[in-house]
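Visitor: heads up, no residue letters with this:
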């Protein structure tokens with residue numbers, strides 16, 4: 001016994017893998033994992049049971065473990081949003097899932113996964129919007145950005161608004177402590193009708209928070225009952241108490257009062273309510289006057305807070321422009337790395353694409369001092385219609401600000417390449433529906449808040465956020481007008497007679513802004529038209545782009561009179577990349593290539609960098625057009641020699657005989673072979689057909705313009721290939737399941753233009769699949785484009801499927 005135990009111990013030490021690789025199965029009786037579930041049931045949980053009962057329990061345990069692996073190990077984030085609306089709890093659960101090895105899909109960006117304050121687990125979000133964004137006590141929804149779209153995507157209600165972010169947790173707790181958070185049910189008739197009025201009549205799509213705040217007010221003044229009544233119109237004391245309590249919770253009380261005033265205005269137009277209560281209009285007017293009176297001190301207090309904040313900023317001083325633009329310098333190496341990946345079609349994750357978009361938005365806000373509204377309102381049409389002036393692309397974004405000014409954007413050539421890479425490589429991957437907005441969030445919709453995106457970019461690099469207003473500096477009097485027009489910030493300029501923007505003046509203004517980041521306003525360069533810089537066409541003339549060429553070095557670019565930056569260099573490499581991509585696609589006109597064939601083609605060219613991957617070529621490959629097929633040298637060679645790869649003749653036995661099968665897979669669009677024979681006129685073909693009696697006919701009638709022609713494969717062997725059995729003539733007919741389609745072309749064969757019928761695969765064809773095509777008519781000797789000629793012939797065609 002001791003000896004056996006010693007051998008077992010030695011075996012365990014020498015063969016640890018036999019134990020490590022054993023599948024672990026949970027016992028459903030004791031809820032514990034077991035390495036050997038059968039032995040465990042026999043020795044522990046089912047000692048007294050029969051072998052049949054243990055075997056049944058064993059199968060049940062194994063099935064449970066298998067079902068868990070297949071169905072319960074992977075969790076969809078959208079489903080978690082439905083069952084667990086509270087974001088802090090949901091994010092803690094996600095973290096726990098990740099630690100335990102669960103698989104998670106549809107996760108949002110990492111910056112959106114920051115959990116809220118743990119205090120206050122509630123399933124509802126506070127829904128108040130501030131009266132002004134500069135308020136010290138703004139509403140919860142302001143800090144929520146477009147990328148937090150999991151809640152909005154899982155609902156079909158267009159009036160739904162984003163869940164409250166972290167700052168709302170403490171506010172929500174205060175509201176609950178003050179008994180201000182309770183509200184009526186969403187299906188209460190009065191509130192439901194009010195919501196419909198906002199959406200349909202006033203065209204307010206995101207009106208849920210307004211309805212919720214009105215509902216909370218009604219519940220406060222009417223603590224009991226399932227349906228709100230109009231008794232609140234006479235409860236002035238309760239209304240004052242509600243406002244006082246609301247101010248104590250750090251909410252924007254003025255906004256809530258505006259909501260209630262709009263609700264009262266809605267009640268005044270309800271004719272059905274006025275018919276039942278003759279005093280309704282008078283009560284509504286009196287209550288509205290009360291709310292307007294209560295709003296005055298609230299608005300005054302808000303103005304005092306804003307003035308105090310501005311005074312504190314004036315005393316403490318504002319950061320210089322260079323400090324505000326620090327994020328552009330710190331994040332630029334990572335951004336350029338992503339830019340390089342995009343233009344070379346390397347793999348870039350969705351989170352990296354989002355950070356790329358953040359940086360482009362930061363360039364507009366901090367480098368060009370544009371308002372967030374200009375970033376959010378910029379459209380694809382405006383980008384495509386940008387102007388070129390002295391080496392800079394001037395994009396004009398048509399958007400309406402408080403000054404009714406247009407926002408102009410003068411990009412350097414390098415910045416233009418960045419934005420073009422976003423437009424070509426990043427935006428299409430996020431775009432879901434047809435949308436003209438330039439910047440698209442990860443949920444496929446236009447960005448919601450450029451300010452929040454900029455804050456996220458700063459947070460990812462642990463920098464203090466900066467805004468366009470903070471980055472603005474003081475200008476001397478002679479510069480104010482141009483700068484005001486460029487930034488569209490000054491209402492005084494908007495009141496003047498509108499003037500057209502001159503491109504060179506627009507370009508000169510950002511040059512002025514650039515200088516402010518490193519010099520004082522007293523030493524600003526002149527705003528005269530800049531000297532003419534070499535254009536990209538000059539760069540191409542000096543350094544022609546070809547598939548086998550090498551990009552110029554920095555020294556060669558500078559010696560040729562070009563700037564040392566990479567703007568022209570990158571555009572030249574992009575053109576070379578497209579040329580090489582087109583060249584590889586042209587090498588495989590007649591048939592879809594394999595990864596190995598593309599790799600060998602790249603190796604043959606000797607390219608070491610800046611070329612598309614084989615997988616990219618396979619994704620971009622499309623069946624060649626008729627024009628390309630007629631010019632393809634490989635096609636001409638195959639027709640002339642009558643050597644087609646991947647085909648064989650197989651004997652299917654009595655009744656079917658010999659037919660053509662594929663010996664290699666064909667992809668949809670591949671040219672498989674041709675229907676070879678002597679080209680004769682249609683009259684000659686009919687004469688031959690009249691002489692056929694009870695024998696298969698191999699005549700292919702077709703039209704070439706107005707001429708009716710026929711391919712005579714009946715005469716066998718043909719004159720040009722006396723030793724070859726042309727395989728196309730043996731392809732059989734199938735009206736129901738054809739996998740080939742004929743295509744008439746004109747090829748230069750042996751220096752002579754000849755009409756040729758090619759067979760193109762109209763579906764993917766596997767190995768050993770019989771090849772068939774639809775003859776076009778039910779006559780034995782009529783094939784191909786037979787629908788264009790009269791149905792003549794005497795012998796009915798039997799379906800050969």
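Guide: Thanks, I have it. Quick caveat: nothing in here was measured; it's all calculated off a predicted structure.
Visitor: every contact and neighbour count from this point should use C-alpha atoms.
Guide: Noted.
Visitor: please list all residues in contact with residue 42.
Guide: residue 54 (C-alpha atoms under 8 Å, 6 or more residues apart in numbering).
Visitor: so it: helix, strand or coil?
Guide: Recorded secondary structure, residue 42: helix (DSSP: H, G, I helix; E, B strand; the rest coil).
Visitor: now swap in the one 5 residues further on and tell me
Guide: Look at residue 47: counting by three-state DSSP, its state is coil.
Visitor: show me what the helix or strand hosting residue 687 is packed up against.
Guide: Element membership of residue 687, judged by DSSP states H and E, is helix 682-690. Judged by 3 or more C-alpha pairs under 8 Å, 6 or more residues apart in numbering; DSSP states H and E, helix 682-690 is in contact with strand 699-704, strand 707-712.
Visitor: list the buried residues in it.
Guide: Buried residues in helix 682-690, counted by 16 or more other C-alpha atoms under 10 Å: 682, 685-686, 688-689.
Visitor: same question for stretch 283-295.
Guide: Buried-residue list, stretch 283-295, by 16+ other C-alpha under 10 Å: 283-285, 287-288, 290-291, 294-295.
Visitor: where exactly do the strands run in the stretch 451-600 of the chain?
Guide: Assigned by DSSP state E, counting those that start in this stretch, the stretch 451-600 of the chain shows no strands.
Visitor: kindly report the same for the stretch 251-400 of the chain.
Guide: Going by DSSP E, counting those that start in this stretch, the stretch 251-400 of the chain shows strands at 387-389, 392-397.
Visitor: by mean pLDDT, show me the worst of those strands.
Guide: If the strands of the stretch 251-400 of the chain are sorted by mean pLDDT, strand 392-397 sits at the bottom with a mean of 57.
Visitor: ok, then the element right after that strand?
Guide: Criterion used, DSSP H and E; the element after strand 392-397 is strand 407-411.
Visitor: just checking, what packs against that next one?
Guide: Partner elements for strand 407-411 (3+ C-alpha pairs under 8 Å, 6+ apart): strand 392-397, helix 477-487, helix 503-516.
Visitor: now the helix or strand that it is followed by: mean pLDDT?
Guide: Where DSSP H and E defines the elements, the next helix or strand beyond strand 407-411 is helix 413-421. Helix 413-421 carries an average pLDDT of 88.
Visitor: ok so, going back, least confident of the helices and strands packed on strand 407-411, on average?
Guide: What stands lowest among the helices and strands packed on strand 407-411, in mean pLDDT terms, is helix 477-487, with a mean of 50.
Visitor: neighbours around the closest residue to residue 572 other than its chain neighbours, how many?
Guide: Leaving aside its sequence neighbours, residue 572 sits nearest to residue 545 (C-alpha to C-alpha, 6 or more residues apart in numbering; 6.6 Å). Neighbourhood size, residue 545 [other C-alpha atoms under 10 Å]: 19.
Visitor: do you know the pLDDT at residue 545?
Guide: 89.
Visitor: tell me how far it lies from residue 578.
Guide: 11 Å (C-alpha to C-alpha, to the nearest Å).
Visitor: same thing with residue 572?
Guide: From residue 572 to residue 578 the distance is 10 Å (C-alpha to C-alpha).
Visitor: what does residue 174 give?
Guide: Taken as C-alpha to C-alpha, the span from residue 174 to residue 578 is 60 Å.
Visitor: those two: which has the busier surroundings?
Guide: Comparing residue 174 with residue 578 by other C-alpha under 10 Å, the one with more neighbours is residue 174, at 20 against 17.
Visitor: name the nearest residue to that one, ignoring sequence neighbours.
Guide: residue 249 (5.3 Å).
Visitor: what is the neighbour count of the one you found?
Guide: Neighbour tally, residue 249, other C-alpha under 10 Å: 20.
Visitor: let me have the buried residues of stretch 283-295 in TSV, extended by distance to residue 376 and pLDDT.
Guide: Formatted as TSV, the buried residues of stretch 283-295 follow (distance: C-alpha to C-alpha, whole Å; pLDDT from 0 to 100):
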residue	distance to residue 376	pLDDT
283	43	88
284	39	89
285	39	89
287	39	90
288	36	89
290	38	89
291	35	89
294	35	86
295	32	85
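Visitor: closest to residue 104 among those?
Guide: Distance to residue 104, by C-alpha to C-alpha, is smallest for residue 295 among the buried residues of stretch 283-295, at 48.3 Å.
Visitor: for the closest one, give me its contacts.
Guide: Residue 295 neighbours (C-alpha under 8 Å, 6+ apart): 254, 257.
Visitor: which residues does the closest residue to residue 536 other than its chain neighbours contact?
Guide: Spatial nearest neighbour of residue 536, excluding adjacent residues (C-alpha to C-alpha, 6+ apart): residue 568 at 6.3 Å. Residues in contact with residue 568 (C-alpha under 8 Å, 6+ apart) are 413-414, 536, 539.
Visitor: mind checking the end-to-end distance for stretch 709-720?
Guide: Using C-alpha to C-alpha, the end-to-end distance of stretch 709-720 comes to 19 Å.
Visitor: swap that for stretch 664-678, please
Guide: End to end - C-alpha to C-alpha - stretch 664-678 spans 28 Å.
Visitor: check stretch 674-687 too.
Guide: 24 Å.
Visitor: now tell me what touches that stretch from outside.
Guide: Here stretch 674-687 has contacts from 639, 699, 701, 708-715, 718-719, 726-729, 755-759, using C-alpha under 8 Å, 6+ apart.
Visitor: could you do stretch 591-599 as well?
Guide: Counting by C-alpha under 8 Å, 6+ apart, 584, 614-615, 617-618, 621-623, 666-667, 669-671 sit against stretch 591-599.
Visitor: restricted to helices, list these.
Guide: Residues of the contacts of stretch 591-599 located in helices (DSSP state H): 584, 614-615, 617-618.
Visitor: neighbours of residue 357, just the number please.
Guide: Neighbours of residue 357 using other C-alpha under 10 Å come to 26.
Visitor: and it, what does it touch?
Guide: 422, 439.
Visitor: any idea how far residue 372 is from it?
Guide: 14 Å.
Visitor: can you check residue 464 too?
Guide: For residue 464 relative to residue 372 (C-alpha to C-alpha), the value is 18 Å.
Visitor: compare these two and say which is more crowded by neighbours.
Guide: residue 372 (21 against 12).
Visitor: what's the lowest-pLDDT member of the buried residues of helix 682-690?
Guide: Per-residue pLDDT puts residue 689 lowest of the buried residues of helix 682-690, at 82.
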